[in-house]
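Visitor: One predicted model, sequence on top.
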Amino acid sequence: MIKVLHVSAECYPAAKAGGLGDVVGALPKYLNQAGLNTAVVIPKYFTKWNLAQTCQQVHAGYVRVHDIYYPYVIDEVLNSNLGYTMYLIHVPGLFDRNGIYADAVTNHPYGDELDRYLVFQQAVLQWINSWAELPKVLHCHDHHTGLIPFMTQFCPEFQRLNRLPTVFTIHNGQYQGAFSWRNEHKLPYYYSSGKGALDWSDTINPMASAIKCCWKLTTVSPNYLMELHQSALGLEALLRQEWQKSSGILNGIDTEVWNPATDPMIDTHYKKNIDTYKQQNKKYLVDRYNIQEDLPLFTFIGRLVSEKGADLLPDLIYRYLQTGRRACFFVLGSGLPWIKDSFLRMRHDLFNFFDASIEYNEGLAHQLYAGSDFLLMPSRVEPCGLNQMYAFRYGTIPLVRAVGGLWDTVPDAGGPDGRGFRFIQFTVEDALDAMIRASNLYYHKPSLKALRKRVMELDFSWEKSAETYLNLYKEISDL
């Protein structure tokens, strides 16, 4: 019997656009290892991984959105390597596409997100409603699943699920899924008493609705929960009001996937000698890209969007090189066209000092963690951040803006428990100071080696976080 069902728009390795996919792909595995039968359900996008799986159908039905009926099929993935059971909801015409939120080739966002996730959420609940024995907890992730706690409470179709405990996790409060009341007709029938649970600032706001209706609310780091109380795109008062059911639980990382001693995606595995491991992996990058071996290598890995601070990087890199210092820089990611174009120009202007790969490339990301000296994370917003944890694991020192989970996980190297380099203000000047301090460390080899050794020994595995979630589930259910 499935005790906890995770509902999400992403789950690695089936579909990943960011940290949400990593978390939903790892937490259930560690919950299962702790003895809690846990499964995941996501939409069936036509990603390469999904299309390569062998599946068996477990349920079929249809969802009405106003006057359109969408048939769907739920498949169980027959893959024992995941460490948990995964289900895919196939909705022809809505999810049978090559991307998650946008076309994988053109990067143009899909224009029917509302219909897509309304169908997905109702299909999940219809399926659960058909189970002879209900799960103990329904764990929903981000706004794509935010209407599920509302539907279980206020939709006649799902009244059997009225007492099913729900947990809602905010991975990124910047995206709330709000839409106009003019689209109310697309919702399933609901009791009129529930209208207030949908409304926030004269819109239907799935994230606000989930905050109101869920039994327990979590964020992906303690500091991010505090930040949301002060800045949450209009949800600050609601989050402060619901503080008693809220907790910040720091994400972990899958230490089996992210293991420099066994990682099949990197050139040289870590054995005993940190210097040799780092040098060989850096040389692999030097042989393939326009960077130099004898200079510090600063790398950015992530979405090329303002939220991640990618727009700060061009000015920061130019300013650093104008000081007369020398370093190499690498950018991996995709996103806003104007940011991408800036990096493509820099490949020409800063030949031998800068290179970029404008794409999502999981294998190259692993190699960059192994071969880089420093990881750049100049985020405007970073609810938890997993990249800095991956960097630690691979002996790469993070340079971060001290926000959200970066504040929780990266004490500055100037202190007694230093792990990286922090800056506070989102300015080139503040970031430049941190970058200069990092490059100074690079040339002091004994200190660099000692810091690498220290951060590689840090434990950010999921075991502790999984135990915290398990205790949370026990508070609201009879597990």
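Guide: Nice, thanks for sending it over.

Visitor: helix, strand or coil for the residue in the chain sticking out farthest from the centre?
Guide: In the chain, the residue that sits farthest from the middle, by Cα atoms, centre = their mean, is Gly324; the gap is 36.8 Å. Three-state assignment for Gly324 (DSSP: H, G, I helix; E, B strand; the rest coil): coil.

Visitor: what's the longest helix in the chain?
Guide: helix 113-129 (DSSP state H).

Visitor: what helices or strands is it leaning on?
Guide: Counting contacts by 3 or more Cβ pairs under 8 Å, 6 or more residues apart in numbering; DSSP states H and E, helix 113-129 packs against strand 4-7, strand 38-43, strand 55-65, strand 68-77, strand 85-90, helix 148-154. Any C-beta I mention is one placed from the backbone N, CA and C, and that applies to glycine too.

Visitor: would you turn these into JSON lines with mean neighbour count, distance to His229 and mean pLDDT?
Guide: Formatted as JSON lines, these follow (neighbours: other Cβ atoms under 10 Å; distance: least, Cβ to Cβ, whole Å; pLDDT from 0 to 100):
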{"stretch": "strand 4-7", "mean neighbour count": "26", "distance to His229": "26", "mean pLDDT": "98"}
{"stretch": "strand 38-43", "mean neighbour count": "26", "distance to His229": "30", "mean pLDDT": "98"}
{"stretch": "strand 55-65", "mean neighbour count": "15", "distance to His229": "35", "mean pLDDT": "97"}
{"stretch": "strand 68-77", "mean neighbour count": "18", "distance to His229": "38", "mean pLDDT": "98"}
{"stretch": "strand 85-90", "mean neighbour count": "22", "distance to His229": "34", "mean pLDDT": "98"}
{"stretch": "helix 148-154", "mean neighbour count": "25", "distance to His229": "21", "mean pLDDT": "98"}
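
Visitor: Quick one: these as a markdown table, columns for distance to Tyr469 too.
Guide: As requested, these are arranged in a markdown table below (distance: least, Cβ to Cβ, whole Å):
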| stretch | distance to Tyr469 |
| --- | --- |
| strand 4-7 | 9 |
| strand 38-43 | 10 |
| strand 55-65 | 25 |
| strand 68-77 | 23 |
| strand 85-90 | 18 |
| helix 148-154 | 17 |
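
Visitor: Pull the distance from the longest helix of the chain to the chain's centre.
Guide: Centroid separation for helix 113-129 versus its chain: 22 Å, with Cα atoms, centre = their mean, to the nearest Å.

Visitor: pLDDT of that helix, averaged?
Guide: Per-region confidence: helix 113-129 scores 98 on mean pLDDT.

Visitor: the helices in the stretch 301-450 of the chain, which residues?
Guide: 313-322, 337-349, 362-371, 387-393, 404-409, 428-442, 445-456 (DSSP state H, counting those that start in this stretch).

Visitor: Can you tell me which of these is nearest to Gln241?
Guide: With respect to Gln241, and counting by Cβ to Cβ, the nearest of the helices of the stretch 301-450 of the chain is helix 404-409 at 21.4 Å.

Visitor: Show which residues not belonging to the longest helix of the chain make contact with it.
Guide: Contacts to helix 113-129, defined as Cβ atoms under 8 Å, 6 or more residues apart in numbering, come from residues 5, 7, 9, 41, 43, 58-59, 61, 63, 65, 70, 72, 74, 89, 91, 94-95, 101, 110, 134-135, 138, 144-145, 147-148, 151-152, 157-158, 160-161, 164, 177, 179, 183, 186-188.

Visitor: make it 7 Å
Guide: For helix 113-129, contacts defined as Cβ atoms under 7 Å, 6 or more residues apart in numbering pick out 7, 41, 43, 59, 61, 63, 65, 70, 72, 74, 89, 91, 94-95, 134-135, 144-145, 147-148, 151-152, 158, 160-161, 179, 183, 186, 188.

Visitor: now do stretch 13-29
Guide: Here stretch 13-29 makes contact (Cβ under 7 Å, 6+ apart) with 6, 8, 10-12, 38-40, 42, 45, 47, 49-50, 82-84, 86, 100-101, 141-142, 171, 251-254, 303, 384, 386, 462, 466, 469.

Visitor: cool, stretch 203-216 as well?
Guide: For stretch 203-216, contacts defined as Cβ under 7 Å, 6+ apart pick out 140, 143, 146-147, 149-150, 153, 165-168, 176-181, 184, 197-198, 200, 217, 235, 238-239, 242, 245, 472, 476.
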